[in-house]
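1. predicted model, plus sequence, below.
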Amino acid sequence: MDLRIVSSARHPAQHDTDQVDAARTGPQISIVVPTRNEAGNIRELVQRIERACASTPFEVLFVDDSDDETPERVRAVAAGADFDVLLIHRDGSERHGGLGGAVVEGMRHARAPWVCVMDADLQHPPEILPDMLRSTSNRNVDLVVASRYCGDHADARGFGRLRALSSLGTTFVAKTFFPSRLNGVTDPMSGFFLVRRSALEIDDLRPNGFKILLEILVRTPHLRVTEVPFQFGTRLSGDSKASVREAMRYVSLLAQLRFSGGSSAMLRFMLVGLTGIGVNTALLAAFTELAGIHYLISAALATQGSTAWNFVFTELWVFRGREHGRSALMRFGSFWVMNNIALWLRGPALWFLTATMGVQYLLSNLMTLAVIVVARYAFADLWIWKGATSRGEKRPRYAYDIHGIISIASDARLPELERFQVGAVTSPTIVLHIGKVDTAIERANRVTRRLCYDEGLGPLGFGMTIEVGDHIEVVASQLLKRSPHVLYTNVIEPILRWLFVEKGYALVHGACVAVGNQAYLITARTDTGKTTTMLKTLDSNPWAFMSDDLTLITPEGIVLTYPKPMTISLHTVHAVKKPVLRWWERFFLIFQSRLHSRSGRIFAMIIAKSRLPVATVNTVVQLLVPPPKYHVERLVPGVQLARHAELAGLVIIQRGGEGEERLDEAEALRILLENCEDAYGFPPYHTIEHFLHELNGSDLRAQERAVIAAALDGRPCTLMRSNVLDWAERIPGVIEPHAAHEQRHDNVIPYGHLSLDGEMAGSGTRE
């Protein structure tokens with residue numbers, strides 16, 4: 001193996017002071033690039049990496065299995081580099097483990113605390129590296145995955161249709177085999193990721209083929225993971241390394257990872273399956289030869305007999321001793337459905353082999369049964385005989401950290417908090433489980449209070465339980481998991497509102513833009529036109545986005561971003577220049593707009609006063625027709641996000657009348673609080689509010705009012721009336737005279753996956 005540094009960082013005299021310090025401390029990121037016959041890509045790859053990582057000390061490690069001039073190109077391009085380049089060339093027998101083996105070899109020699117893995121073919125754009133690096137500023141992240149399938153731009157363009165379908169297929173199979181061990185990663189097949197080196201046990205990895213990330217995720221389940229979206233770039237030179245051989249390696253890797261810890265159960269399943277094949281074959285021959293039934297019909301009858309045989313022995317021997325969450329009858333029903341679906345899938349193959357290829361029907365039957373045996377075991381192990389898990393053993397799949405103030409561990413996805421998603425949280429403020437509302441939480445002595453709101457429809461209705469002890473534990477019914485917008489808005493958000501108050505913050509109902517490092521709140525009554533005004537304002541001015549619906553503020557007037565998806569309408573879309581919406585999104589927006597319009601919400605508030613199970617009705621409606629919610633960058637492409645800023649003023653927009661009026665702080669506070677109350681109120685909001693206020697033992701409303709009043713103290717407050725809804729054209733005239741003309745923008749980042757530094761919010765934000 002040829003292992004050498006082919007280029008070292010230049011002498012410190014050639015750098016400024018910051019670069020000298022960086023050189024002394026060593027690289028912060030090691031970029032491992034496995035190569036095989038990529039000579040034509042090396043120069044551009046190195047140049048683009050250098051531009052992308054200009055502000056971060058880094059090194060590049062090429063692990064090369066090439067038979068062309070790739071090593072020479074690496075040496076030539078690296079000769080004038082200002083960073084270390086390590087070339088590891090593997091010959092012949094040293095090329096073990098394929099691409100995955102090359103990656104592990106690079107990790108062993110990496111010097112930096114963070115290791116980035118990327119391909120050399122430029123389909124992994126180096127320009128994504130800054131986004132990935134920003135994600136590492138969150139201390140709760142060990143692994144950053146560049147995903148083709150997360151975010152609003154999820155796709156695999158640049159792949160080609162056939163390869164895209166193949167990628168989706170392999171991703172689906174991986175998620176099927178490992179439903180609880182991929183940490184919610186949308187793209188476990190990605191070859192583009194950034195990992196904390198100290199979080200890995202490199203010696204435990206057994207790479208075999210392309211999919212090293214999948215192995216890392218499965219073998220290191222404790223990793224705290226986040227994702228950043230990316231789109232495949234265009235290959236500059238060389239050919240794809242995908243092949244039938246790699247496909248077989250992938251299947252081998254799946255089997256190795258999935259069954260290495262449960263080989264005894266799999267062996268027993270295989271032995272039972274062999275006896276079942278014998279039973280199936282005997283019944284098939286009997287029905288066909290003795291009863292004279294067509295072999296396809298006989299195969300269907302034989303499947304019923306072998307299904308019963310296999311179930312009995314699988315139940316009593318293969319998975320004996322497991323505690324199950326389903327009854328034996330339900331397990332048999334699932335097993336019967338699985339085998340008959342398998343029969344439906346292998347029926348055409350059985351006919352083809354027998355009628356077309358001339359294979360004897362008993363042999364054809366054996367061949368088709370053998371093909372599906374591994375898939376059947378995976379389904380039986382992961383679903384039918386899946387062991388019941390106690391609440392304490394189950395790890396929530398999703399984690400969110402809101403500026404280091406409040407963290408949430410959740411069984412269900414909360415799309416409104418997507419920009420705060422992190423890999424994991426160690427001591428969550430809120431833990432959200434999905435399950436039976438009446439029995440899901442085991443009572444503990446330290447639990448002091450419990451609230452239950454249940455409309456009596458079980459898993460088909462709205463139900464939730466809140467228990468308060470060392471943390472707040474919420475259990476929500478299965479229906480709420482399927483309607484995540486209701487779960488967040490009607491359960492989690494009311495809790496967040498008053499938790500923030502307890503911690504000295506206020507979550508106010510208002511949008512916010514940043515002009516430089518100064519923030520301006522824009523508030524209005526619900527359905528006034530605030531979202532449309534906000535988008536038109538951002539579309540026409542070089543300002544940064546902070547929030548649209550709710551804004552988090554401190555008594556000192558520091559504003560923290562709260563970037564929920566925006567609820568839009570057809571009118572909203574028509575108000576901006578180039579919204580990035582697909583044709584089907586525009587089509588369904590017609591129906592979504594009508595249902596989730598002002599009139600729809602008025603009707604909902606009316607029925608809320610009836611005796612109907614209104615929370616369930618609301619949940620089902622939003623399950624069937626989800627509200628049209630999109631992140632701001634889908635509506636205003638290129639918009640930037642301000643993470644924090646100092647409050648400089650408040651603008652209140654109001655329908656009716658004309659002109660602007662300067663308000664005193666007391667009147668502005670009154671209107672802002674009224675707007676906050678207008679945004680809440682749908683059941684079970686008041687029930688949750690009363691419970692938390694009573695539990696706290698103090699006047700949380702007075703505390704919230706005090707926080708907002710302190711934040712507004714000394715800031716200009718303007719009431720802007722309009723009959724023609726032209727606030728977007730008039731807001732700059734109100735804001736810009738008050739805005740400082742400084743050009744600092746250190747609070748602004750490109751809008752994408754939000755990565756927040758734990759200290760960003762200022763002193764006192766991290767408990």
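-> Alright, I've got the coordinates.
2. and the average pLDDT for the helix or strand that contains I216 is what?
-> Using DSSP states H and E, I216 sits within helix 212-219. Mean pLDDT, helix 212-219: 81.
3. cool, and stretch 735-754?
-> Across stretch 735-754, pLDDT averages out at 54.
4. buried stuff in the strand ranked longest in the chain?
-> Criterion DSSP state E: the longest strand present in the chain is strand 644-655. Residues 644-654 are the ones in strand 644-655 that count as buried (16 or more other C-beta atoms under 10 Å). (Each C-beta comes from the backbone N, C-alpha and C, glycine too.)
5. how close does the spatially most distant residue from the centre of the chain sit to G469?
-> For the chain, the largest distance from the centre (C-alpha atoms, centre = their mean) belongs to L290, which lies 57.6 Å off. Look at L290 and G469: by C-beta to C-beta, to the nearest Å, they are 68 Å apart.
6. got it, and G273?
-> Separation of G273 from G469 (C-beta to C-beta) stands at 48 Å.
7. and the two? Which one has more around it.
-> G273 (25 against 14; other C-beta atoms under 10 Å).
8. doesn't that one fall inside a strand?
-> No - judged by DSSP: H, G, I helix; E, B strand; the rest coil, G273 forms no part of a strand; its state is helix.
9. how close does it get to G404?
-> 52 Å.
10. pretty sure A409 contacts H433?
-> No - when contacts are counted by C-beta atoms under 8 Å, A409 is not listed as touching H433 (9.2 Å).
11. could I get the full set of helices for the stretch 401-550 of the chain?
-> 478-481, 484-487, 493-502, 530-540 (DSSP state H, counting those that start in this stretch).
12. show me where pLDDT drops low in the stretch 351-500 of the chain?
-> Flagging of the stretch 351-500 of the chain using pLDDT under 70 yields the residue ranges 370-396, 423, 438-448.
13. S427: which of the helices of the stretch 401-550 of the chain is closest?
-> helix 493-502 (14.4 Å; C-beta to C-beta).
14. and the closest one, what other elements does it pack with?
-> Applying 3 or more C-beta pairs under 8 Å, 6 or more residues apart in numbering; DSSP states H and E, one finds that helix 493-502 contacts strand 406-410, strand 430-434, strand 472-476, strand 506-509, helix 685-696, helix 700-712.
15. next, count neighbours for the closest residue to I128 other than its chain neighbours.
-> If the residues on either side of it in the chain are set aside, I128 comes closest to F230, at 4.7 Å by C-beta to C-beta, 6 or more residues apart in numbering. F230: 24 surrounding residues under other C-beta under 10 Å.
16. likewise E661?
-> Residues within reach of E661, counting by other C-beta under 10 Å, total 13.
17. A291 now?
-> As a burial measure, A291 scores 10 neighbours (other C-beta under 10 Å).
18. where does the closest residue to L369 other than its chain neighbours fall, helix, sheet strand or coil?
-> In this structure, L369 finds its nearest non-sequential neighbour in I277, 5.4 Å apart by C-beta to C-beta, 6+ apart. The local conformation at I277, judged by three-state DSSP, is helix.
19. mind listing what Y685 touches?
-> By C-beta atoms under 8 Å, 6 or more residues apart in numbering, the contact set of Y685 is 490, 494.
20. picking up where we left off before, my guess is the residue nearest to L369 contacts L363, does it?
-> No - with contacts defined as C-beta under 8 Å, I277 does not count as touching L363, sitting 11.9 Å away.
21. more crowded one of these two?
-> Using other C-beta under 10 Å as the criterion, I277 and L363 rank with I277 on top: 17 against 12.
22. any idea how far the residue nearest to L538 when sequence neighbours are not counted lies from I406?
-> By the measure of C-beta to C-beta, 6+ apart, the closest residue to L538 outside its immediate chain neighbours is V636, 4.8 Å from it. For V636, the distance to I406 equals 28 Å [C-beta to C-beta].
23. ok, V422 next?
-> As judged by C-beta to C-beta, V422 and I406 stand 12 Å apart.
24. with Y400 instead?
-> 9 Å.
25. next one: F420
-> Distance, F420 to I406, by C-beta to C-beta: 9 Å.
26. and the pLDDT at A544?
-> At A544, pLDDT is 90.
27. list the beta-bridge partners for it.
-> Beta-bridge pairing for A544 (DSSP bridges): A514.
28. name the nearest residue to N696, sequence neighbours excluded.
-> Nearest to N696 is E502, by C-beta to C-beta, 6+ apart, at 6.5 Å.
29. does that neighbour touch G697 like I think?
-> No - counting by C-beta under 8 Å, E502 does not reach G697; the two are 10.9 Å apart.
30. mind checking the SS state of L87?
-> Per three-state DSSP, L87 ends up strand.
31. ok, it to A81 distance?
-> Distance of L87 to A81, computed by C-beta to C-beta: 12 Å.
32. give me the helix or strand of this protein that scores worst on average pLDDT.
-> Lowest by mean pLDDT, DSSP states H and E among the helices and strands of the chain is helix 17-25, with a mean of 39.
33. can you list the strands that the helix or strand just after it pairs with?
-> Later in the chain than helix 17-25, the nearest helix or strand by DSSP H and E is strand 29-35. Sheet partners assigned to strand 29-35 using DSSP bridges are listed as strand 58-64 (parallel), strand 114-117 (parallel).
34. all set now, cheers.
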